[in-house]
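Asker: Could you work out the structure for the sequence below:
(one chain, ligands or ions: 3)
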Amino acid sequence: MKKRDDLTKDAPELPESGQSRRRFMGAAALAGVAGATGLGAAVMSREAFAAAAEDARNNWVVHPGELDEYYGFWSGGHSGEVRVLGVPSMRELMRIPVFNVDSATGWGITNESKQVLGDSSRFSNGDAHHPHISMTDGRYDGRYLFINDKANTRVARIRLDIMKCDKITTIPNVQAIHGLRLQKVPKTKYVFCNAEYVIPHPNDGSDTSLENSFTMFNAVDAETMEVAFQVIVDGNLDNTDADYTGKYACSTCYNSEKALDLAGTMRNDRDWAVVFNIERIEQAVKNGDFKTLGDSKVPVLDGRAGSELTRYIPVPKNPHGLNTSPDGKYFIANGKLSPTCTVIAIDKLDDLFAGKLKDERDVVVAEPELGLGPLHTTYDGRGNAYTTLFIDSQVCKWNIADAIKHYNGEKVDYIRQKLDVHYQPGHNHASLTESRDADGKWLVVLSKFSKDRFLPVGPLHPENDQLIDISGEEMKLVHDGPTFAEPHDCILVRRDQIKTQKIYTRDDPFFASAREQAKKDGIVLEADNKVIRDGNKVRVYMTSVAPMYGTTEFKVKQGDEVTVFITNLDTIEDVTHGFCMVNHGVSMEISPQQTSSVTFVADQPGVHWYYCNWFCHALHMEMRGRMLVEKA
Ligand code: K7E
Ligand code: CUA
Ligand code: CA
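Answerer: Residues are numbered from 1 along each chain as shown. Ligands and ions are numbered 1, 2, ... in the order given. Predicted structure coming up:
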């Protein structure tokens, strides 16, 4: 552990290139002042240079007009959404509604979003925990972000070019999708996701006993978003991660006891890290070596004890997070009820599956003692790991190589620093940590409790997402960020790894069904303002150009099912229009070159105003029209 004094001894240390020039200049100026005030120039310049070295570390201040270096994607927990933040400023840039209903964009209201939500559009809640970005050869490729919904057993995909959710899949035969990570190599072919709770099969009320209950490890095809396979396991499943060979995934299990009561889940001193052999699973699926459950056609394989598809590595105790080191060498399981993390050597897994090891524990190469309540570990790409200690309210920085030496009996101290965080941290996440590019610059710690850190806002408190500079020897807390319910996890990606569109292209698949319907109706979306009647279904096609709708009045009959299609002809970046039909629960976004549609029943006779609810022009208030509903 390096103290500030030790750093001074090492001075002078000049900043490296790429570090903040502004801060360095500031320190140099400080040195100048020291000289001018007649203080011991040599001593002060040493200190000033030490300060310069300190200051030249990551600068978290992003001035007005400047852009952040990283995108951060935050899960919105039980708000059901995903949030986009700039890092290091921690400024919130955007919210992406996923499992929730959102009145600004019309998510859950428009036809396009309902189509993505499918059958699950009957739910308006979600519980999103784990956002992860698709990869090619172990590097973020910026195409998609995937996220789980524990509340309604779903997995969603977000297109990162437009930052909209484009697919949602409900996982059959299981309950509560929790841990979710992506295959890293050769690319994200599978989204691996754990179902947490055991349920009976069939789950039709005929048998509620535990004997026929189990849960499953699931793989979703990242392109089609269909479930590729499910693997039955012993115990239950919590978190998961994949390796850098493409061969293995590993999940924690906290309930090897298969207990229903709390005390029962803590009976065993060790539960498991369960390793899945993806090659063997794929082969078994190919060979037809599976069954199906109920109505679902998803191949279900048996990975319980004795199976060739899995191995159960005993690890202490009710483990939670499972994190692959960016050098590809280790799975690290976080002990939760044990003060330890368990380091599993991935290069020993071939031997484990080949039956060449005497004991499953032979793949464990270290079990460092870190503190109370280890939940999640993240990495700086320089051989150090950072583990959150929930009970101690600390982040523990430790060195993996030294922990291995210590496990082998050498007298080395593997703990580098413990930093207080505020308070009770769950996940933590270092910049690019899940990829080969882990750069060890920033660490975000998602603290569950904020207590006294912010102005009080009543009994319900915000969480506190803290930003820590990890670019130097010492971790430095630089920012407190209040967040609303409840970002379990986040992911940081370099800004050049994300490529967004400024306006929609007219052939975007996001509104393909609107184009199809228009074609059937003989409508040119980009030009026509027409009303089509089809029995009691009425389709209103209109364009918009700031500050006008192409249609400012249309007539329907009471009881008609009305669908309004709006095509925004504006081509100027940021000129988004809205459509809100007063007293009808209808509201949506139409961004430049986008087509959006919404369906509602015109059940109230009379005059009903609609208006643009996204500020688009000096005459935005005047952008409006009337629906005239004839009494039935
Ligand atoms: Cu909250 Cu990853 Cu769902 Cu840990 S999980 S804290
Ligand atoms: Cu269009 Cu406001
Ligand atoms: Ca247990």
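
Asker: need the contact list for the residue in the stretch 1-150 of the chain positioned nearest to ligand 3.
Answerer: When distances are taken as CB to the ion, the stretch 1-150 of the chain reaches nearest to ligand 3 at residue 150, 19.3 Å away. In this view, the C-beta of every residue, glycine as well, is placed from N, C-alpha and C. Applying CB atoms under 8 Å, 6 or more residues apart in numbering, one finds that residue 150 lies in contact with 127-129, 176-178, 196.

Asker: switch to 10 Å and redo it
Answerer: 77-78, 99, 126-130, 175-180, 195-197, 488 (CB atoms under 10 Å, 6 or more residues apart in numbering).

Asker: swap in residue 215?
Answerer: Contacts of residue 215 were listed using CB under 10 Å, 6+ apart, and they are 173-176, 194-199, 230-237, 253, 255, 258.

Asker: what about it, which SS state?
Answerer: The three-state assignment at residue 215 reads strand, by DSSP: H, G, I helix; E, B strand; the rest coil.

Asker: Does residue 249 fall in a helix, a strand, or a coil region?
Answerer: With three-state DSSP as the basis, residue 249 sits in strand.

Asker: So in the protein, which strand runs the longest?
Answerer: Secondary structure of the chain per DSSP state E: the longest strand is strand 139-149.

Asker: Now do the helix or strand following that one and strand 139-149, the angle between them.
Answerer: If you walk from strand 139-149 toward the C-terminus, the next helix or strand you reach (DSSP states H and E) is strand 154-159. Note on geometry: by axes from the mean of the first three to the mean of the last three CA atoms, to 10 degrees, strand 154-159 and strand 139-149 are set 140 degrees apart in direction.

Asker: helices or strands next to whatever helix or strand comes next after strand 154-159 in the packing?
Answerer: Using DSSP H and E, the helix or strand that directly follows strand 154-159 along the chain is strand 164-170. In this structure, strand 164-170 packs against strand 91-97, helix 111-117, strand 139-149, strand 154-159, strand 213-221, with contacts taken as 3 or more CB pairs under 10 Å, 6 or more residues apart in numbering; DSSP states H and E.

Asker: mind listing what strand 164-170 pairs with, with the direction of each?
Answerer: Sheet partners assigned to strand 164-170 using DSSP bridges are listed as strand 154-159 (antiparallel).

Asker: So the strand it pairs with, near ligand 1 or not?
Answerer: No. When contact is scored as CB under 6 Å from any ligand atom, no part of strand 154-159 falls within range of ligand 1; the minimum is 13.9 Å.

Asker: where's that strand relative to the chain centroid, distance-wise?
Answerer: Going by CA atoms, centre = their mean, to the nearest Å, the spacing between the C-alpha centre of strand 154-159 and its chain's C-alpha centre is 10 Å.

Asker: residues from the stretch 401-550 of the chain in reach of ligand 2?
Answerer: Of all the residues in the stretch 401-550 of the chain, those in contact range of ligand 2 (CB under 6 Å from any ligand atom) are 546-547.

Asker: where along the stretch 401-550 of the chain do the helices fall?
Answerer: 512-520 (DSSP state H, counting those that start in this stretch).

Asker: Give the residue spans of it that score low on pLDDT.
Answerer: Low-confidence segments of the stretch 401-550 of the chain, defined by pLDDT under 70: none present.

Asker: can you map out the strands along it?
Answerer: For the stretch 401-550 of the chain, the strands defined by DSSP state E, counting those that start in this stretch cover 415-420, 425-430, 442-447, 463-469, 476-483, 490-494, 530-534, 537-545, 548-549.

Asker: Packed most tightly, which of those would that be?
Answerer: With neighbours taken as mean count of other CB atoms under 10 Å, the strands of the stretch 401-550 of the chain reach their highest mean count in strand 442-447, at a mean of 27.

Asker: hang on, the earlier thing: which non-adjacent residue is nearest the residue of the stretch 1-150 of the chain closest to ligand 3?
Answerer: The spatial neighbour of residue 150 that comes closest, neighbours along the chain excluded (CB to CB, 6 or more residues apart in numbering), is residue 127 at 4.2 Å.

Asker: and that neighbour, how far is that from residue 100?
Answerer: Going from residue 127 to residue 100 by CB to CB, to the nearest Å gives 10 Å.

Asker: Spit out the residues that contact the two alike.
Answerer: The contact sets of residue 127 and residue 100 overlap at 76, 78-80 (CB under 10 Å, 6+ apart).

Asker: would CSV of the residues you listed with neighbour count be doable?
Answerer: CSV is the format used below for the shared contacts of residue 127 and residue 100 (neighbours: other CB atoms under 10 Å):
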residue, neighbour count
76, 27
78, 20
79, 23
80, 27
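
Asker: Would you check which pair of those lies furthest apart?
Answerer: Distance extremes for the shared contacts of residue 127 and residue 100: the farthest pair is 76 and 78 at 7.8 Å, using CB to CB.

Asker: what residues are shared contacts of the two?
Answerer: Counting by CB under 10 Å, 6+ apart, the shared contacts of residue 76 and residue 78 are 99-100, 126-129, 484-486, 488.

Asker: Quick check on the residues you listed: which are buried?
Answerer: Applying a neighbour-count criterion of 16 or more other CB atoms under 10 Å, the buried members of these are 99-100, 126-129, 486, 488.

Asker: what's the most distant pair in those residues?
Answerer: That would be 100 and 488, which, of these, are the farthest apart (CB to CB) at 15.4 Å.

Asker: which sections of the stretch 1-150 of the chain are below the confidence cut-off?
Answerer: Flagging of the stretch 1-150 of the chain using pLDDT under 70 yields the residue ranges 1-44, 50, 52-56.

Asker: residues touching residue 350, list them.
Answerer: 245, 247-248, 277, 356.

Asker: ok and the residue in the stretch 451-600 of the chain nearest ligand 2?
Answerer: Proximity to ligand 2, evaluated over the stretch 451-600 of the chain using CB to the nearest ligand atom, is greatest for residue 577 at 3.6 Å.

Asker: Kindly apply the preceding question to the stretch 1-150 of the chain instead.
Answerer: Residue of the stretch 1-150 of the chain nearest ligand 2, by CB to the nearest ligand atom: residue 104 (12.7 Å).

Asker: That residue against residue 110, yeah?
Answerer: No. With contact defined as CB atoms under 10 Å, residue 104 does not reach residue 110; the gap is 11.7 Å.

Asker: intersection of neighbour lists for these two?
Answerer: Common contacts of residue 104 and residue 110 (CB under 10 Å, 6+ apart): 587-589.

Asker: Looking at those residues, state which has the most neighbours.
Answerer: Of all the shared contacts of residue 104 and residue 110, residue 588 has the most neighbours under the rule other CB atoms under 10 Å, reaching 28 neighbours.

Asker: Just confirm it is within a helix.
Answerer: No. With the criterion set as three-state DSSP, the secondary structure at residue 588 is strand rather than a helix.

Asker: Chain neighbours aside, what residue packs nearest to it?
Answerer: Distances taken as CB to CB, 6+ apart put residue 106 closest to residue 588, at 3.0 Å, once the chain neighbours are dropped.

Asker: Surely that neighbour and residue 97 touch.
Answerer: Yes. Residue 106 lies in contact with residue 97 (CB under 10 Å); the separation is 9.0 Å.
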